[in-house]
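Peer 1: whatever this is, show me its structure:
(2 chains)
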Amino acid sequence: MPARTVALAVTLVVTVLFGVVAFHTLLVANQSSIDELDREIAEQEDRHQQLVLREAQLSAPQRIVEVAERDLGMVTPAEVVWLEPVPVDSAVDGQ
Amino acid sequence: MTTTFHPLDRLIALRDRPAPRAGRAPSARRPVLPAQAGRVGSPKRRFAALLVVFGLLFAYLTFKIADLQVISPERYVAQADDQSVRSQAIAAQRGRILDRNGAELALSLPQRTLFTDPRFVTDPVATARALAPIVGVDEATLESRLVADNSFGYLSRLMPDDVADRVAELLADPDAPMEGVYVLEEPKRFLPGGSMARGILGTTDVDNVGVGGLELMFDDVLTGTPGRLELEQGPGGRTIATGHHALTPATPGGDVRLTIDQAIQFEAERVLADQVEEMDAAGGMAVLAVPSTGEVLAMASVLRDGGEGEAYVSGNNAALTTVYEPGSVMKVVTMAGVLEEGLVTPESRIDVPDALQVSNHLFTEYKPHGLGSWPLGEIISNSSNTGTIKLAQMLGEEGLHRWFRDFGLGERTAIGFPNEAAGVVLDLEDWSGTSIGSMPIGQGISVTPVQMLSVYNTIANGGVHVPLHLIDGTTDGAGVVHRRTLEEPRRVISPTTAAAVTTMLAATVADGTGVQAQVPGYPAGGKTGTAIKPYNGGYTGPDGIRHYMGTFVGFVPTTDPALSMIVIIDDPRAGAYTGGAVSAPVFSELAQFALRRLAVPAVAAPATAPDGAAEPVVASASGAKVRATPAGIEPEADADSAAAAVH
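Peer 2: Below is the predicted model:
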């Protein structure tokens, strides 16, 4: 076998091996990145759930009344005044 | 000197060699010496033996490789996986419980739990000393868990976030390494509204399993299916990209959507608690519903420990799980029965005495009035005991019993709540001689507040029983909505009978025992009830006096009922104790709030301005009339007449 062919074959094998190593390194680096993203997703999901709970707690009537009475000095009215409509026929009769 | 070799020499040499003996091949062996007699034979044989040995070794290796790779690789794969594959359970999120508008009433969040594997703990004393002040568990307890003869033990479950953060800092501190102590996440149930509706929602245990209320009733819906993640990892905990990777995602639990309105529920509990404290009562219940659909809007139950102190929301949904003798609110069943059977007409009058002997018991009126001929409506609006008993006697025991059953008394409602009571309607053969006197007026018969409300809903619905329900529907983990299957409505009484009874109930609120239940802007109908609480077969309490349950139940507006409600005050001791005095005001206050919340328009009242132009009239909660003018709001001159016109 000519020496040139042998040299070519060796070069090819080394190149392929180098490619495989480089590809594997890339794979490991990307996997590390994926692991990091997975962790971040989990953290953000936890944070989202915490915020859902916080939002529900802030919207709860009990908390709103507490803040109104304790922090804003508001009181439940002793008497509520409601508007009462007049029937249409009365209005027509009156015209 | 050089030597040459001629071919002739070769021929001469062959000729001079002695001829071999016949039958014996010339031997190439060297002579065997006595010292070499025990050795393996020639180099050829030894080479052959070596080949055989290597052949056997190769065959063994081949077999072993085949065994490892082809015949039984599982054991070794498992061993390898044990060393490199990390398997992690993914907890399924428990579903939420939502109110009718989607507000979260109960939801789960992952919380951190501290646990130990004592096999890896190197310094239990120092570890316990460092953790104790943070997690709030004493050192001795922690230490005993850290040295236990097992491989798992909880140190602190479901830690609050601030505690968990401090523990995480401690575990990450390189100066104080803590071997054998780890953190995992577990879901924890939260009620954003605090104690609101806790009797309905129920509870979960520390493992997030429903143990009461709706959490128990819908545990199979709310509980999801846990998933699992398997990853092949290197020594540093990094995932091996080309390694084993299997994910079975967790299926989250479904959501349960209620018919409850969060705001109405809160207001019902607040107003009820205020009234219970003001009336010095032991507790109270209130249930609000939409009669036409059977949707329960609120179901409140408050208590006071020992009948003293501040009222608080009960963990027991008493409106469904407890029974009581309802008193006069039961009278509408008798009235509806006699009207439906044509024994009387709405225009009929009957003689109503102050007292009526039934078997061995003398039934009396709450307020003596002398013998008189009363229209049927007044029997309801003035809550006549003797008049109602006389009507019940027209029905007879069998007829009265049938009407109780037709209105759904003595059986659980369609709600299907855990531990729901069925009430007590005695079988006919168990009736005593006085039953026909006591049961029509709501004594000697037990119902749940929800059953009683259901009777009035039937009247509000023109005689059709629409089953009450708490659950609007469920949403499974995939987001598919499943509407709750409801029982079919059924007719109990005719629309004519229902309308006649409604008129009587409206009169009760307009100028009868229920005037304090009036709702400004809306014509209301209802009935008061004041029942004596039974104690061990009698009606006298351990303290030698009678105790009462004050009830008001009704619906509003009577023209097109959009809201029904029952309010019960248990054992009021502040003076007033009748349903009209202690419960009706709560009905009024809650109805004003709930009707606006439900955007039910006020019923137009006839009012004409002096100049003929219509002006908006303003009603106050006290019933006093004021009129809106361009200058503002001023009192109306003839408040009483205006109120009478409205109600």
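Peer 1: shaky segments in chain A?
Peer 2: Where chain A drops to pLDDT under 70, the residues are A:1, A:87-95.
Peer 1: so what's the gap between the helix ranked longest in it and the chain middle?
Peer 2: If you go by DSSP state H, chain A has its longest helix at helix A:3-59. Relative to its chain's centre, helix A:3-59 lies at 22 Å (CA atoms, centre = their mean, to the nearest Å).
Peer 1: please state the offset of the next helix-or-strand element following that helix from the chain centre?
Peer 2: Counting by DSSP states H and E, the next helix or strand C-terminal to helix A:3-59 is helix A:61-70. Relative to its chain's centre, helix A:61-70 lies at 29 Å (CA atoms, centre = their mean).
Peer 1: for helix A:61-70, list every residue counted as buried.
Peer 2: A:P61, A:Q62 (16 or more other CB atoms under 10 Å in any protein chain shown). For every residue, glycine as well, the C-beta is placed using N, CA and C.
Peer 1: next, the angle from it to helix A:3-59.
Peer 2: 60 degrees (axes from the mean of the first three to the mean of the last three CA atoms, to 10 degrees).
Peer 1: from the contact counts, what lies against the longest helix of chain A?
Peer 2: With contacts defined as 3 or more CB pairs under 8 Å, 6 or more residues apart in numbering or on different chains; DSSP states H and E, helix A:3-59 has these neighbours: strand B:104-116.
Peer 1: neighbouring strands for the strand it packs on, and are they parallel or not?
Peer 2: Its sheet considered, strand B:104-116 pairs with strand B:97-98 (antiparallel), strand B:153-159 (antiparallel), strand B:181-190 (antiparallel) by DSSP bridges.
Peer 1: need those in a markdown table with mean neighbour count and mean pLDDT, can you?
Peer 2: Listed next are those as a markdown table, based on neighbours: other CB atoms under 10 Å in any protein chain shown; pLDDT from 0 to 100:
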| stretch | mean neighbour count | mean pLDDT |
| --- | --- | --- |
| strand B:97-98 | 24 | 96 |
| strand B:153-159 | 19 | 91 |
| strand B:181-190 | 18 | 89 |
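Peer 1: now render those as CSV, adding distance to B:A89.
Peer 2: Listed next are these as CSV, based on distance: least, CB to CB, whole Å:
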stretch, distance to B:A89
strand B:97-98, 25
strand B:153-159, 16
strand B:181-190, 9
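Peer 1: next one: B:H369 from chain A, what distance?
Peer 2: Distance of B:H369 to chain A, computed by CB to the nearest CB, to the nearest Å: 34 Å.
Peer 1: burial count for the residue lying closest to that residue once chain neighbours are set aside?
Peer 2: In space, and not counting its chain neighbours, B:H369 is closest to B:D354: 6.6 Å by CB to CB, 6 or more residues apart in numbering or on different chains. Around B:D354 there are 16 other residues, counting by other CB atoms under 10 Å in any protein chain shown.
Peer 1: what's the answer for B:S438, then?
Peer 2: Neighbours around B:S438, by other CB under 10 Å: 22.
Peer 1: which stretch among the strands paired with strand B:104-116 comes nearest B:D82?
Peer 2: strand B:181-190 (18.6 Å; CB to CB).
Peer 1: other residues contacting that closest one?
Peer 2: Around strand B:181-190, the neighbours that count as contacts under CB atoms under 8 Å, 6 or more residues apart in numbering or on different chains are A:53, B:91, B:93-94, B:106-117, B:121, B:127, B:131, B:146, B:155, B:157-158, B:164, B:167-168, B:171, B:203-204, B:208, B:215.
Peer 1: and stretch B:252-265, end to end?
Peer 2: 28 Å (CA to CA, to the nearest Å).
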